[in-house]
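In: sequence and predicted model, in that order:
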Amino acid sequence: MNKHVEKFTKRWFCYLVGCSDGTIYCGITDNLVKRMATHNAGKGAKYTRGRGPVQLMHAELCADKSAAMKREKHIKRLTQKEKKALYENKQETDRFMMGIE
């Protein structure tokens with residue numbers, strides 16, 4: 001697929017999964033279903049290997065891969081408590097999406 005066309009048709013997500021040890025992992029993907037299966041097969045990110053099964057807690061649709069990576073970087077700087085608040089209270093997510101950081 002042409003890269004210019006792909007930029008406008010591919011959907012990127014920033015997501016949070018809850019791990020079996022109670023921690024929260026943040027990542028990006030263009031296919032949530034496939035990525036969850038990969039994590040749960042023990043073949044996902046190093047962090048989630050051995051911490052499965054994981055459960056999708058939160059996902060945000062981003063404009064493109066770059067936006068998803070920026071959002072991931074922002075979320076990874078949050079504490080576990082703040083990450084948990086993301087899926088319990090959408091206010092922080094809405095503030096980010098409106099550009100209020």
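Out: Ah, there it is.
In: next one: E72 from E88, what distance?
Out: E72 is 19 Å from E88, where distance means C-beta to C-beta, to the nearest Å. Placement of C-beta: from N, CA and C, glycine included.
In: more neighbours: these two, which one.
Out: E72 (20 against 11; other C-beta atoms under 10 Å).
In: thought Y25 was touching that one, still the case?
Out: No - in terms of C-beta atoms under 8 Å, E72 does not count as a neighbour of Y25; the distance is 10.5 Å.
In: check which helix or strand the residue positioned nearest the centre of the chain maps to.
Out: Closest to where the C-alpha atoms of the chain average out (C-alpha atoms, centre = their mean) is Y15, at 1.8 Å. Per DSSP states H and E: Y15 is located in strand 12-18.
In: do the same with M36
Out: M36 belongs to helix 32-40 when elements are defined using DSSP H and E.
In: can I get that helix in PDB, CA atoms only?
Out: Taking C-alpha atoms only, helix 32-40 is exported to PDB below (Å, rounded to 0.1, in the frame of the first residue of the first chain):
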ATOM      1  CA  LEU A  32      -5.800  -4.300  19.000                       C
ATOM      2  CA  VAL A  33      -7.300  -7.800  18.700                       C
ATOM      3  CA  LYS A  34      -4.000  -9.300  17.200                       C
ATOM      4  CA  ARG A  35      -1.900  -7.400  19.800                       C
ATOM      5  CA  MET A  36      -3.900  -8.700  22.700                       C
ATOM      6  CA  ALA A  37      -3.500 -12.300  21.400                       C
ATOM      7  CA  THR A  38       0.200 -11.700  21.000                       C
ATOM      8  CA  HIS A  39       0.600 -10.500  24.500                       C
ATOM      9  CA  ASN A  40      -1.500 -13.400  25.900                       C
END
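In: what's the first helix or strand after that helix?
Out: Downstream of helix 32-40, the first helix or strand assigned by DSSP H and E is strand 55-62.
In: for the strand holding Y15, packing partners?
Out: When contacts are defined as 3 or more C-beta pairs under 8 Å, 6 or more residues apart in numbering; DSSP states H and E, strand 12-18 sits against strand 24-29, helix 32-40, strand 55-62, helix 65-76, helix 80-88.
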